[in-house]
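Trainee: take a look and give me a structure for this.
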Amino acid sequence: MSVLVGIERAGLAYGLHPLLDGASLTVTRGERIGLIGRNGTGKSSLLRVIAGQVALDDGVARLGDGTRVVLVEQEPELAPGATLFASLLERATRTAIIDDGEHWRFEARLREHLQRFDLDPERGTQRLSGGERKRAALSLALALAPDLLLLDEPTNHLDIGGITLLEELLSKVSAAIVITHDRAFLDRFATRIVELDRGLLRSYPGNFRAYEARKAEQLAAEEVAARKFDAFWAQEEVWIRQGIKARRTRNEGRVRRLERLRAERAERRERIGKLRLRLDGGGRSGKLVTELEHVGKRFDGRSVVRDLSLRVLRGDRIGLIGPNGAGKSTLIRLILGQLAPDEGSVRLGTGLEVAYFDQMREQLDPRRTVIETISPGSDWIETGGERRHVISYLGDFLFAPQRANSPVGTLSGGERNRLLLARLFARPANLLVLDEPTNDLDIESLELLEDTLQEYTGTLLLVTHDRVFLDNVVTQTLVAEGEGRWQEYAGGYSDWLLQRPGPLAATTVPEPAPRAAPRQRSASRKLGFREQRELVELPARIEALEHEQAALLAGMGALALDELNAASLRVAAIAEELEEAFMRWSELEERAAAS
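Mentor: Predicted coordinates:
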């Protein structure tokens, strides 16, 4: 496998802490890398370095000979044009060299991908939504067929159907690096997870689930090492304060060592803080939250909700599933009594205290400061029965004190999302409505939000395209099944997949084709002596292969480009050996259990 990108000892800084601090990375053909890390750590900057749009302060970033790279930004811009197709074609001529003989093939591929993403090539570009712009940019990037495709948060603005389609299409690209917080996407897409953490890049073979297991072990070891270092440093500080003994010649070496320890401890960058979320469920609402009877709603002659009867009871956690434009936000407004139905009736329960998270963040005034948004006219807030200073409360949402007086208009997307959560959680609510709360949150913050919602005692209405988030939070789903029909199912997203009644209409959420099942020997045949021994030895063999693979990946950054091919070939071979070993282990365990 050929090397596409080699980054060695990279340094890049914009603020107090460097985004890249001696980072190294090698990408080979055939790899599909999930790039993860906390918001603000520099993931997008790394993609721009690889794309040649940003120069490193230190170190080297090299592309392999003839490697063509295409980057799709988080918020892609389209060139002005009479039609969407003309706009994308004009952008392609500016960003890529397409031979005359290849031009007609490229146009055919572009039309094909636009069709697959349900976009009209002849539509004007002036009134495209964020999701349509993202799908158009992805169509162009895939049609260009680059050697290395770079995607920055491609699942934002995509519905579940678009996300699963993208998973399928990316399985056919030469190589890709994707920044995303979608854990289900990472499990299906990635052959390797690369984490950007405190300026360094750390590689973990396998998908996101494999990363989680290895990361937990690494963090535990890191905490033990930090505690040992701090204990040793404290002992040395006690010694230096003894005074006169430290000035003796025989102790000068120890003094110099202590100075080095002090410098090392000062420079040691602790892990970025975690969000601290607490929800006040408010007073108990009535048992009935809302009841819809034969409700219907139309816009411009199109039925968004048709003959829907639904009862929402106290403590229900309902997730709404459907493609963009299906009417999820409209249905929520009907449920809350904020929008009158065209047919049927809506009855609200008693004692409702509603908190609404708006995906468009229209509740945030860009002219107000952060502190005014949370607690206008006061430096104190009451939350969870506790009186707290607003600066302390904002710290729970990772806002430094100096950011408290920043205008909302200067905040990043992730900061605005955290601010809206802070505002939402600052007041009690027994009915919580979250419309796309996961956009712009990193994975660690997502998992904490999940934990918080699991402990919430009120009623929850949730709109999200994050499949893992749905599985971990909701108790039932309400699914758009086309032509305004909505159907309720028990459980989360995965439960709906098992219950759905066969192929659905045009609003179907497509699933990628399953991998062919490995051929297995008869489960009825008992294990022989050699097979029993093989079953015992396989875990150790798998562990040894994983260690070898991890060591090779970690050491690639120190190799010259002409030395990387052999290491890359061995990494690929190990991946195949691991897959075969896991399949064999599964087969033997099944036969052992059946015998």
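
Trainee: next, give phi and psi for residue 69.
Mentor: When read as degrees, to the nearest 10, the backbone of residue 69 gives phi -120, psi 140.

Trainee: name the nearest residue to it, sequence neighbours excluded.
Mentor: Distance criterion C-beta to C-beta, 6 or more residues apart in numbering; nearest residue to residue 69, sequence neighbours excluded, is residue 148 at 4.8 Å. For the C-beta atoms, the positions are set from N, CA and C on the backbone; glycine is no exception.

Trainee: next one: residue 182
Mentor: residue 155 (4.6 Å).

Trainee: and that neighbour, how many residues sit next to it?
Mentor: 24 (other C-beta atoms under 10 Å).

Trainee: please apply the same query to residue 327.
Mentor: For residue 327, using other C-beta under 10 Å, the count is 21.

Trainee: so where is the stretch 51-200 of the chain shaky, pLDDT-wise?
Mentor: 96-101 (pLDDT under 70).

Trainee: kindly report the same for the stretch 251-400 of the chain.
Mentor: For the stretch 251-400 of the chain (pLDDT under 70), the answer is 251-282, 359-363, 384.

Trainee: quick one, helices of it?
Mentor: Under the criterion DSSP state H, counting those that start in this stretch, the stretch 251-400 of the chain contains helices at 252-267, 328-335, 370-374, 390-395.

Trainee: which strands and helices sit next to the shortest one?
Mentor: For helix 370-374, the contact count by 3 or more C-beta pairs under 8 Å, 6 or more residues apart in numbering; DSSP states H and E identifies helix 390-395, helix 413-425 as packing neighbours.

Trainee: which of the ones you listed is buried the deepest?
Mentor: Among these, helix 413-425 has the highest mean neighbour count (mean count of other C-beta atoms under 10 Å), at a mean of 21.

Trainee: what strands flank the helix or strand following that one, and is each parallel or antiparallel?
Mentor: Once the chain leaves helix 413-425, the next helix or strand it forms, by DSSP states H and E, is strand 431-435. The strands beside strand 431-435 in its sheet (DSSP bridges) come out as strand 354-357 (parallel), strand 459-463 (parallel).

Trainee: now the ones you listed as JSON lines including distance to residue 580 and mean neighbour count?
Mentor: Formatted as JSON lines, the strands paired with strand 431-435 follow (distance: least, C-beta to C-beta, whole Å; neighbours: other C-beta atoms under 10 Å):
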{"stretch": "strand 354-357", "distance to residue 580": "46", "mean neighbour count": "19"}
{"stretch": "strand 459-463", "distance to residue 580": "41", "mean neighbour count": "24"}
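
Trainee: how about those in a markdown table, adding distance to residue 107?
Mentor: A markdown table is the format used below for the strands paired with strand 431-435 (distance: least, C-beta to C-beta, whole Å):
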| stretch | distance to residue 107 |
| --- | --- |
| strand 354-357 | 42 |
| strand 459-463 | 37 |
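
Trainee: these: which one's closest to residue 217?
Mentor: Comparing the strands paired with strand 431-435 by their distance to residue 217 (C-beta to C-beta), the top pick is strand 459-463, with 32.3 Å.

Trainee: now tell me what touches the closest one from outside.
Mentor: For strand 459-463, the surrounding residues in contact (C-beta atoms under 8 Å, 6 or more residues apart in numbering) are 285, 289, 312-320, 328-329, 332, 335, 359, 430-437, 453, 469-470, 473-474.

Trainee: how does it look with 6 Å?
Mentor: 289, 314, 316-320, 328, 332, 431-436, 474 (C-beta atoms under 6 Å, 6 or more residues apart in numbering).

Trainee: need the helices for the stretch 451-595 of the chain, in chain order.
Mentor: So, for the stretch 451-595 of the chain - with DSSP H, counting those that start in this stretch - the helices run 467-473, 493-499, 529-555, 564-594.

Trainee: so which of these is the most surrounded?
Mentor: Comparing those by mean count of other C-beta under 10 Å gives helix 467-473 as most buried, with a mean of 23.

Trainee: name the helices or strands packed onto it?
Mentor: The contact analysis (3 or more C-beta pairs under 6 Å, 6 or more residues apart in numbering; DSSP states H and E) places helix 467-473 against helix 183-189, helix 443-454, helix 493-499.

Trainee: any idea which of those has the lowest pLDDT on average?
Mentor: Mean pLDDT is lowest for helix 443-454 out of those, coming in at a mean of 85.

Trainee: buried set for that helix?
Mentor: Buried positions in helix 443-454, judged by neighbour count with 16 or more other C-beta atoms under 10 Å: 443, 444, 445, 446, 447, 449, 450, 452, 453.

Trainee: go on, stretch 141-161?
Mentor: For stretch 141-161, by 16+ other C-beta under 10 Å, it's 141-161.

Trainee: and the gap between residue 169 and residue 191?
Mentor: For residue 169, the distance to residue 191 equals 16 Å [C-beta to C-beta, to the nearest Å].

Trainee: residue 297 now?
Mentor: Distance from residue 297 to residue 191, by C-beta to C-beta: 45 Å.

Trainee: higher neighbour count, the two?
Mentor: Using other C-beta under 10 Å, the more surrounded residue of residue 297 and residue 191 is residue 297, with 22 against 17.

Trainee: apart from its neighbours in sequence, what residue is nearest the most centrally placed residue in the chain?
Mentor: Nearest to the mean C-alpha position of the chain, by C-alpha atoms, centre = their mean, lies residue 181 at 0.3 Å. Spatially, and ignoring its direct neighbours in sequence, residue 181 is nearest to residue 443 (5.1 Å; C-beta to C-beta, 6+ apart).

Trainee: distance-wise, check that neighbour relative to residue 14.
Mentor: 23 Å.

Trainee: ranges for the helices of the stretch 101-250 of the chain?
Mentor: Going by DSSP H, counting those that start in this stretch, the stretch 101-250 of the chain shows helices at 130-143, 160-170, 183-189, 208-240.

Trainee: of all those helices, which one is nearest residue 2?
Mentor: It is, among the helices of the stretch 101-250 of the chain and with distance given as C-beta to C-beta, helix 160-170, at 19.3 Å.

Trainee: just list the residues touching residue 588, thanks.
Mentor: Contacts of residue 588 by C-beta under 6 Å, 6+ apart are residue 535.

Trainee: wait, what's in contact with residue 13?
Mentor: With C-beta under 6 Å, 6+ apart, residue 13 has no contacts at all.

Trainee: still on that earlier bit, out of the helices of the stretch 101-250 of the chain, flag the one nearest residue 57.
Mentor: Per C-beta to C-beta, nearest to residue 57 of those: helix 208-240, 26.4 Å.

Trainee: model confidence for the closest residue in space to residue 441 that isn't next to it in sequence, exactly?
Mentor: In this structure, residue 441 finds its nearest non-sequential neighbour in residue 417, 5.9 Å apart by C-beta to C-beta, 6+ apart. Residue 417 is assigned 78 on the pLDDT scale.
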